[in-house]
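Novice: Fold the following, please.
(chains A and B)
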Amino acid sequence: MSQRDVKQRIDAVKNIRKITSAMQMVAAARLRRAEQRIAALRPYAGAIRRMTRQAAAAAGGEIQSMPILQEHEAENTIGILLVTGDRGLAGAFNSQIIRAGLRAAADYEAEGKSVVFYASGRRGVSSLVFRKIDPAGQYVGFTDRPSYANAREIAEDLVAAFVDGQVDRVEVFYNGYVSPLTQEVRREVLLPLQRATIDDAIAEAEAESTPEEDAKQALVEYEPDPDVILQRLVPDYVEISVFRALLESTASEHGARMTAMRSASDNAGEVITDLTLEMNRARQAEITQEIMEVVAGAESLT
Amino acid sequence: MARTPFRVEILTPEGEVFNEEVEMLSTRTAVGSLGVLANHTPLLGMLEPTELRLYRSETEIVRFAQGEGYIQVGENRALVLVEDAIRPEDLDAADLQDKLRNATAEVEAAETGTEAQRRALRDQRRWQAFLAVAGGSPE
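Specialist: Residues are numbered from 1 along each chain as shown, chains lettered A, B, ... in the order given. Now for the predicted structure:
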């Protein structure tokens, strides 16, 4: 390569580094906001748990058999919800979810079951379509900042499909947020809603409460009856689970992008160092060449 | 005459949207309209989509488009747990009209007695209530 070619490549790589470090900073800022939104859900989820406990106690302690809690006798059709992002450039973030979902689907199909896919995020949708799979539900355009309404839409679609018998079980695959540097693929059963989810919630609320609070609850009025309230509280757990998965996925996506962009910027730095060396060498070679020509010219005169 | 104030906290899955002393709260449960004043008897209620009104005084009223949720009243404070609590100025009437139209179409398309239909009816009720708060009318 000539000196000018190398110079051009150095400029190109420098530009790329500018972009990747800008993306890294944007991802870091969005990650902070995404973390705050995970934290903002906690008080709501805690209050829902306390109300569940209170309503369950008032309704006689027994949660009625509701369709979303009921296991289907034969699990022939499995719904798989893939939670991905709308954009790439985030390392293995999207591909590890798609891979895990497809592997699970292959396992189910080997058992003779059929699989229906649901995908949140453009990346998930497009890689399913690329594999000639038509998702039963596509949810795109919000993965940078998912709202509860997005989660509600997904959860209601899944609950309707489950209760109306189009699917017999629903699993979700998403990137769980461990730390800015670590995301882990999580696989959870959304439907049938696990009875243990409700029991754990009640137990957790129990641990937080005091006997005085309990005594007061005996005098509470219910509007409508506690068992009716419970009928609506229980499905809320599906919505909250989906919302939490979306929020964790968003935080994970920003974390993964931050890490990916940091290594891209570091790599660009290394490439620039190498190229600069190469350029210096090329320049040196040129100079040496010129000196030799001068010397050779002078020699031929004597 | 000013009434005794009490604390109202509104929590949504996206965080706290209101935490202030007010004189009166007005909303709607599955049973009917509900007004809460200070020292209300302990209550656990299931809320339906409507306009949630918080009276800082008789004339100063804070309004929200309220989605489905719950209200817990006790110890002279009220906790409102709702899926949505949106200020009227943040509502987009045209968007709500679209959503209402879609929900209405789904109600008609769904088979009677299915979960899909129940869900479409819930959506329809929510967007109707929000549209009323936004000041628009269904077409």
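Novice: Give me the domain ranges for chain B.
Specialist: As assigned by automatic domain parsing, chain B contains the domains B:6-88, B:92-134.
Novice: I'd like these written out as JSON lines, with mean neighbour count and mean pLDDT added.
Specialist: Heads up, the C-betas are built off the backbone N, CA and C, glycines and all. Formatted as JSON lines, these follow (neighbours: other Cβ atoms under 10 Å in any protein chain shown; pLDDT from 0 to 100):
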{"stretch": "domain B:6-88", "mean neighbour count": "18", "mean pLDDT": "94"}
{"stretch": "domain B:92-134", "mean neighbour count": "17", "mean pLDDT": "92"}
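Novice: possible to save the ones you listed as a markdown table with distance to A:K18?
Specialist: Listed next are those as a markdown table, based on distance: least, Cβ to Cβ, whole Å:
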| stretch | distance to A:K18 |
| --- | --- |
| domain B:6-88 | 34 |
| domain B:92-134 | 37 |
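Novice: Can you add distance to chain A and give the ones you listed back as TSV?
Specialist: Formatted as TSV, these follow (distance: least, Cβ to the nearest Cβ, whole Å):
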stretch	distance to chain A
domain B:6-88	4
domain B:92-134	4
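Novice: can you give me the strands in the chain?
Specialist: Just so you know, I chose chain A. All strands of chain A, identified by DSSP state E, fall at A:77-83, A:114-120, A:137-139, A:169-179, A:182-191, A:221-223.
Novice: if you could check chain B rather than the one you did, that'd help
Specialist: B:6-12, B:15-22, B:24-28, B:33-37, B:43-47, B:50-55, B:61-66, B:69-74, B:77-82, B:85-86.
Novice: So which elements touch the second one?
Specialist: By that I understand strand B:15-22. Helices and strands touching strand B:15-22, as assessed by 3 or more Cβ pairs under 8 Å, 6 or more residues apart in numbering or on different chains; DSSP states H and E, comprise helix A:3-58, strand B:6-12, strand B:50-55, strand B:61-66.
Novice: closest one to B:L34 among those?
Specialist: With Cβ to Cβ as the criterion, B:L34 lies closest to strand B:50-55 of the helices and strands packed on strand B:15-22, at 9.6 Å.
Novice: How about the stretch 201-302 of chain A, which of its residues are in the neighbourhood of chain B?
Specialist: Within the stretch 201-302 of chain A, the positions adjacent to chain B are A:216-217, A:219-224, A:226, A:228-229, A:232-233, A:239-240, A:243 by Cβ under 8 Å from any Cβ of the partner chain.
Novice: tell me the centre residue of chain B?
Specialist: Geometric centre of chain B, nearest residue: B:Q66, 2.3 Å, by Cα atoms, centre = their mean.
Novice: residues contacting it?
Specialist: Shown in contact with B:Q66 (Cβ atoms under 8 Å, 6 or more residues apart in numbering or on different chains): B:T27, B:L47, B:P49, B:T50, B:E51, B:L52, B:V80, B:V82, B:D84, B:A85, B:A129.
Novice: you'd agree the first one is up against B:P49?
Specialist: Okay, so that is B:T27. No: counting by Cβ atoms under 8 Å, B:P49 is not a contact partner of B:T27; they are 10.0 Å apart.
Novice: where does the most far-flung residue of chain B relative to its centre sit relative to A:V140, distance-wise?
Specialist: Going by Cα atoms, centre = their mean, the residue of chain B most distant from its centre is B:E111, 28.1 Å out. Plainly put, B:E111 is 28 Å away from A:V140 if you go by Cβ to Cβ, to the nearest Å.
Novice: next one: A:P146
Specialist: Taken as Cβ to Cβ, the span from A:P146 to A:V140 is 11 Å.
Novice: and those two? which has more neighbours close in?
Specialist: The residue with more neighbours, out of A:P146 and A:V140, is A:P146; 24 against 17, by other Cβ atoms under 10 Å in any protein chain shown.
Novice: Contacts only, for the residue lying closest to the more buried one once chain neighbours are set aside.
Specialist: Excluding the flanking residues, the one nearest A:P146 by Cβ to Cβ, 6 or more residues apart in numbering or on different chains is A:L246, at 4.0 Å. Counting by Cβ under 8 Å, 6+ apart, A:L246 makes contact with A:V83, A:S120, A:T143, A:P146, A:N150, A:A151, A:I154, A:Y174.
Novice: Dihedrals phi and psi, the third one?
Specialist: This points to A:T143. For A:T143, the backbone dihedrals (degrees, to the nearest 10) come out as phi -70, psi -10.
Novice: Give me the local confidence score for the closest residue to A:H72 other than its chain neighbours.
Specialist: Residue nearest to A:H72 in three dimensions, not counting chain neighbours: A:D168, with 3.9 Å by Cβ to Cβ, 6+ apart. What the model reports for A:D168 is a pLDDT of 96.
Novice: Longest helix of chain A, counting residues only.
Specialist: Assignment by DSSP state H gives helix A:226-301 as the longest helix of chain A.
Novice: what angle do that helix and strand B:77-82 make?
Specialist: Following axes from the mean of the first three to the mean of the last three Cα atoms, to 10 degrees, one obtains 60 degrees for the angle between helix A:226-301 and strand B:77-82.
Novice: tell me the mean pLDDT over helix A:226-301?
Specialist: Averaging pLDDT along helix A:226-301 yields 92.
Novice: and the angle from that helix to helix A:3-58?
Specialist: Comparing the axes of helix A:226-301 and helix A:3-58 via the same axes, to 10 degrees yields an angle of 170 degrees.
Novice: Find out how far helix A:226-301 is from the centre of the chain, if you would.
Specialist: Using Cα atoms, centre = their mean, to the nearest Å, the distance from the centre of helix A:226-301 to the centre of the chain it belongs to is 20 Å.
Novice: picking up where we left off before, nearest to B:Q117 among the residues of the stretch 201-302 of chain A next to chain B?
Specialist: Ranked by distance to B:Q117 (Cβ to Cβ), these are led by A:R232 at 16.8 Å.
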